[in-house]
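K.L.:
With the sequence up front, the predicted model follows.
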Amino acid sequence: MAKADLDRQLLGLFIREVQERSGELERMLLAVEGAAGADERRHLLERLLRIAHSLKGAAGLVEIRSIEKVCHRMEDLLAQLARAERPLERADLDVLLEATDWIAQTGGKLEREPGAPMTPTEDVLERLDARLGEKPKAPQDTRAAGGVPMPPVRTSDLDGSIRLSGHRLDALLYRSGELLAAKSRLSLRAAEAASLRERFRRVRFPHTANGEAAPSLDESLRELAAGLSEDARLIGSLVGALDHEIRRARMQRFAEACQGLSRLVRDIGNASGKLAELNILGGEIEVDRSIVSGLQDSLRHLVRNAMGHGIETPPERRKAGKPEKGRITVSAALFRDRFQVHVEDDGRGFDLKSIAEAAAGKGLPEAQDERQLLRRAFEPGISTSAELTSLSGRGVGLDIVRNAVEAMRGTVELSNVRGGGAAFTMTLPLTLATVRALEVMSGGQIFTIDTSSVRRVGQISTRDLPERGKPNLLKTANGDVRVLDLATWLGFPGPLMPDGKDIRTAVFVGTAGDETAVLVEQILEEQEMLVRSLGPRLANTRCYSGATILPDGRIALLLNAAALIEAAASGEYSGTDAYSLQVRQARKKILVVDDSPSVRALEKLILEGAGYDVAIAADGAEAWKHLRTHGADVVVADIDMPEMDGVALTQTIRRSRKFAQLPVILISGRDTVEEKEQGLHAGANAYMAKSSFDQQLFLEAVRQMV
């Protein structure tokens, strides 16, 4: 192997070691601060000394002298403390943590810029020297005679583990999901072959040569059906085993999501004069790495919120009869096919009056109960703190948590804890790659709902539905239930209701005591499906949390159960009149033009569900060709596209005699004043931004054009 290739491999190994070792150093330094006795503290300091020594040796091997120098100074200081040459002070831990931060940051810089110079900041070295109280000894050379590097890996370092790319695991899981879909299709083919054979046996043949061929053909069909069934069984077994192994490979301990939380509590406590301890329960539980990764920012926001808003200062806690040191608990548990994370503190709890005043100031309707009022805290600009500080009061954070949790198809609830304190409960799926979903029909379109959010299905008499404009409550044997007409909420035409039919099908979602009846046209079936993201351009479309791929290859949007529940809880019933018949208008044709397949698919599904015929094109040139051949009633086009963009397409349409009056709606991902003016100047009838895409406004804009 060439020396350059070897150097790159060694550097890659060292960078990964820096990432791991810096995390170990931080966790153990925080453990030293909370150690119960001198023996435990000494044991931890000795382990820290060994880690710093190992990292120094690795840095010397790859000739990263800056990290080698800092680790050597840390080693000297830790040796002093481990030998109890002087008492351990908080300032010692502060400077050691600062040095650890510098090492982690330098490792990140090495990964981004391998050839960049790495010089330790003088502040770090000076502060380490100040704690040592003497000039450090020169670091020992870690190279053997002749300048040949010592072996970087010892036998004792090997633990049988292997590091895999997360992106590669994601790709493997997606491929296994495709195999699951292929297995479903093969099962359908086997059933079709068996049905064909049965139909053939019922056919009466005349007594001719054709009749003599019938037994042979019947036998061939029988063998085909049997072979397909066996193939489906075998593929199903193989796919199941592959899927199981890939899921196991992706599993990570929940404790990985909690890295850095103890340090966060310590740093905020130092800055605010508060005392608190962090307890993590269930850290050994393993869940999909995508869940662990997606939880990290949310947990930081919630712990920061607990320290900034919940935990009181020591004098305030003494006055309230509480221990001076507050308590924050992050716990995890598995419930059937869901993963639940609970973040609780023993602070002052939520200020309901402040939340109500902030919600009223934002023009939000008055909450009907405490639970709904607490949900207002997730709205942007509404803070759970009555005061503005460097930690809280700006109304940011909790809406980020809600968005992040819902992006993972989860829900988050908050509550006041009896006896003082606040709690957040996040309920999440075990994996984001696939979902067990219920297919429903609404507005002539298929949608899916995560079955973990579904409590039951049933039927409701239209006579029992609340009247339009009245409180949105339906009396059932299980108590009062809120109602949401899915087609009306999505802006689609409601079902054509035959005379005398007074029964609506409902899917009940939510939790016990807080159910919402979602009215649909039909319930189809339940099955495991592959989930795809809608992409960053459609991230703000909150009514959907993704798209599922049906066994026949079609795409169905996955409804966000939390958004359904909130829409039903918003106030008055907004469904269609129980006995009115909805008359569908003559179908108009919409041409959707966008270079993004996911955007085209979403807009097509929305428009088809609203009763329109939809044609699609990938760019302006393809759209203009389609227009000249087939025509359209409205054009909905993206601005940024290859070949011919949306502005150029609009200009071409306006110069045409035949299509000069054709309505054009431009949709852009940039949302700048200049781009909007450019589009409208070109002749567009309306302009919408993808960053604030709203389904109801989109459909209303189209309706105005037709």
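P.N.:
Sure, I can see it.

K.L.:
rest of the way, CA atoms for contacts and neighbours
P.N.:
Fine.

K.L.:
Arg504: neighbour count?
P.N.:
20 (other Cα atoms under 10 Å).

K.L.:
and it, what helix or strand is that in?
P.N.:
Element membership of Arg504, judged by DSSP states H and E, is strand 503-511.

K.L.:
in its sheet, what does the helix or strand that that strand is followed by sit against?
P.N.:
Of the helices and strands lying after strand 503-511 in sequence (DSSP H and E), the nearest is strand 514-520. Using DSSP bridges, strand 514-520 pairs in its sheet with strand 479-485 (parallel), strand 503-511 (antiparallel).

K.L.:
Using PDB, write down the CA coordinates of the strand holding Arg504.
P.N.:
Taking Å, rounded to 0.1, in the frame of the first residue of the first chain, the C-alpha atoms of strand 503-511 are listed here in PDB:
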ATOM      1  CA  ILE A 503     -73.900   6.200   8.000                       C
ATOM      2  CA  ARG A 504     -70.400   7.500   7.900                       C
ATOM      3  CA  THR A 505     -67.200   5.400   8.300                       C
ATOM      4  CA  ALA A 506     -64.800   6.700  11.000                       C
ATOM      5  CA  VAL A 507     -61.300   6.000  12.100                       C
ATOM      6  CA  PHE A 508     -60.800   6.800  15.800                       C
ATOM      7  CA  VAL A 509     -57.300   8.200  16.400                       C
ATOM      8  CA  GLY A 510     -55.600   9.600  19.600                       C
ATOM      9  CA  THR A 511     -55.400   8.300  23.100                       C
END
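
K.L.:
Of the strands paired with strand 514-520, give the one that comes closest to Glu192.
P.N.:
strand 503-511 (29.8 Å; Cα to Cα).

K.L.:
Dump the strands paired with strand 514-520 to TSV, plus mean pLDDT.
P.N.:
Below are the strands paired with strand 514-520 laid out as TSV (pLDDT from 0 to 100):
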stretch	mean pLDDT
strand 479-485	86
strand 503-511	89
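
K.L.:
one step back: list the buried residues in the strand holding Arg504.
P.N.:
504-510 (16 or more other Cα atoms under 10 Å).

K.L.:
any weak-confidence spans in the stretch 551-700 of the chain?
P.N.:
Scanning the stretch 551-700 of the chain for pLDDT under 70 picks out 571-586, 671, 691-692.

K.L.:
Likewise for the stretch 251-400 of the chain?
P.N.:
Residue ranges of the stretch 251-400 of the chain with pLDDT under 70: 380-381, 383-397.

K.L.:
Surely Lys274 and Pro314 touch.
P.N.:
Yes: with contact defined as Cα atoms under 8 Å, Lys274 counts as touching Pro314 (6.4 Å).

K.L.:
returning to that earlier point: for the strand holding Arg504, the distance to its chain's centre please.
P.N.:
26 Å (Cα atoms, centre = their mean, to the nearest Å).

K.L.:
Identify the contacts common to Lys274 and Pro314.
P.N.:
By Cα atoms under 8 Å, 6 or more residues apart in numbering, Lys274 and Pro314 have these common neighbours: Lys325.

K.L.:
More neighbours: these two, which one.
P.N.:
Each of Lys274 and Pro314 has its neighbours counted (other Cα under 10 Å); Lys274 has more, 22 against 18.

K.L.:
three-state assignment of that one?
P.N.:
coil (DSSP: H, G, I helix; E, B strand; the rest coil).

K.L.:
Show the backbone phi and psi for the closest residue to it other than its chain neighbours.
P.N.:
Closest residue to Lys274 apart from its sequence neighbours, by Cα to Cα, 6 or more residues apart in numbering: Thr313 at 4.9 Å. Backbone torsions of Thr313, given as degrees, to the nearest 10, read phi -70, psi 160.

K.L.:
Over to the one 10 residues further on?
P.N.:
Note on Pro323: backbone dihedrals following degrees, to the nearest 10 are phi -60, psi 150.

K.L.:
for Leu530, same thing?
P.N.:
According to degrees, to the nearest 10, Leu530 has phi -80, psi 140.

K.L.:
what bridges to it?
P.N.:
Thr434, Ile549.

K.L.:
Within its local environment, how many residues does Ala567 see?
P.N.:
18.

K.L.:
Contact partners for it?
P.N.:
Ala567 neighbours (Cα under 8 Å, 6+ apart): Leu484.

K.L.:
what's the span of stretch 330-344 from first residue to last?
P.N.:
Terminal residues of stretch 330-344 are spaced 7 Å apart (Cα to Cα, to the nearest Å).

K.L.:
From the chain's centre, how far out is that stretch? Work that out for me.
P.N.:
That offset, for stretch 330-344, works out to 16 Å (Cα atoms, centre = their mean).

K.L.:
Return the set of buried residues in it.
P.N.:
Buried residues in stretch 330-344 (16+ other Cα under 10 Å): 330-334, 339-344.

K.L.:
Okay, and which of those residues map to helices?
P.N.:
Judged by DSSP state H, these include no members of helices.

K.L.:
could you dump these to JSON lines with distance to Gly23?
P.N.:
Output for those, formatted as JSON lines (distance: Cα to Cα, whole Å):
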{"residue": "Val330", "distance to Gly23": "19"}
{"residue": "Ser331", "distance to Gly23": "21"}
{"residue": "Ala332", "distance to Gly23": "21"}
{"residue": "Ala333", "distance to Gly23": "25"}
{"residue": "Leu334", "distance to Gly23": "27"}
{"residue": "Phe339", "distance to Gly23": "25"}
{"residue": "Gln340", "distance to Gly23": "25"}
{"residue": "Val341", "distance to Gly23": "23"}
{"residue": "His342", "distance to Gly23": "24"}
{"residue": "Val343", "distance to Gly23": "23"}
{"residue": "Glu344", "distance to Gly23": "25"}
